[in-house]
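**Student:** Let me see the structure of the following:
(one chain, ligands or ions: 1)
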Amino acid sequence: MLTEKNAIAGYKAQVEQYGTPISSDEFRELRDYANRHGIKLSGFKDFVGDISAIKTVIDDICVISNDFPEILNERQGIWLELDYNLGTDFATTESGHIIHLNAVFYSNMEMLTREYSKCESDGRFVKGTDWRAIVRHEVGHVVANVYNIDPMDLAKELKETKRTAEILDILTDELSVYSTEYNDGREIISECFSGYYSNVGNTFADMYVKACIDRSKKAGDPNEIME
Ligand SMILES: [Zn+2]
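**Tutor:** Numbering: from 1, shown residues only. Next up, the predicted model:
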């Protein structure tokens with residue numbers, strides 16, 4: 001039996017060798033769609049798959065940017081990069097604002113949907129979420145970076161505790177196993193974004209993202225009195 005890793009590596013080779021990349025018309029359509037929404041693309045000329053999935057990703061980023069407009073500012077903005085070398089990761093975020101999408105998964109929505117839902121049903125990801133939560137999760141990392149939010153500090157504040165171990169314990173149950181992947185809490189904000197923007201009614205995620213929105217407004221309010 002193939003391990004997951006081997007299955008994905010095999011599929012990667014198949015996509016690279018035999019997959020038909022999108023036409024130049026489709027590429028232009030996708031690029032223009034991204035540009036209109038303030039998002040830059042990299043590596044999508046060779047995309048083997050359905051551009052409507054990537055348009056959905058772009059739409060989902062835009063919904064979050066309504067609450068956190070700085071993530072799509074002129075100076076930095078968000079890049080979406082199609083990456084064939086992410087192994088079994090669905091996506092990763094690099095240098096704060098470059099979101100890498102795993103080309104192997106995004107070229108096959110059936111596979112992406114199935115593999116994501118396996119992780120959701122075993123509690124690794126927030127209950128009730130689907131593949132669209134992947135990019136919502138990654139945008140959480142971008143927001144933490146752009147708005148300078150320390151994910152663990154905010155979780156401690158909301159749960160009124162100073163104990164890291166206690167937070168990790170609570171969030172394993174109340175949010176997701178993956179939210180506790182790193183002891184510094186970097187995945188907490190992302191898993192909260194995944195839950196909140198997927199509208200799955202996760203109490204902690206909802207409280208957490210609302211606190212982030214509050215903070216971002218305060219940070220941007222020039223009339224706030226600093227003491
Ligand atoms: Zn993450």
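
**Student:** how about the host helix or strand of residue 218: buried residues?
**Tutor:** Element membership for residue 218 (DSSP states H and E) is helix 203-219. Neighbour-count burial for helix 203-219 flags 204, 205, 208, 209, 211, 212, 216 (criterion: 16 or more other Cβ atoms under 10 Å). Every C-beta, even on glycine, is put in place using the N, C-alpha and C of the backbone.

**Student:** Distance to the ion and pLDDT for the residues you listed - can I get that in a markdown table?
**Tutor:** A markdown table is the format used below for the buried residues of helix 203-219 (distance: Cβ to the ion, whole Å; pLDDT from 0 to 100):
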| residue | distance to the ion | pLDDT |
| --- | --- | --- |
| 204 | 17 | 98 |
| 205 | 14 | 98 |
| 208 | 15 | 98 |
| 209 | 15 | 98 |
| 211 | 19 | 98 |
| 212 | 15 | 98 |
| 216 | 19 | 91 |
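
**Student:** Kindly indicate which of those residues lies nearest residue 9.
**Tutor:** Closest approach between the buried residues of helix 203-219 and residue 9, by Cβ to Cβ: residue 205, at 33.1 Å.

**Student:** How about the closest one: what's its closest non-neighbour residue?
**Tutor:** What sits nearest to residue 205 in space, not counting adjacent residues and going by Cβ to Cβ, 6 or more residues apart in numbering, is residue 195, at 3.1 Å.
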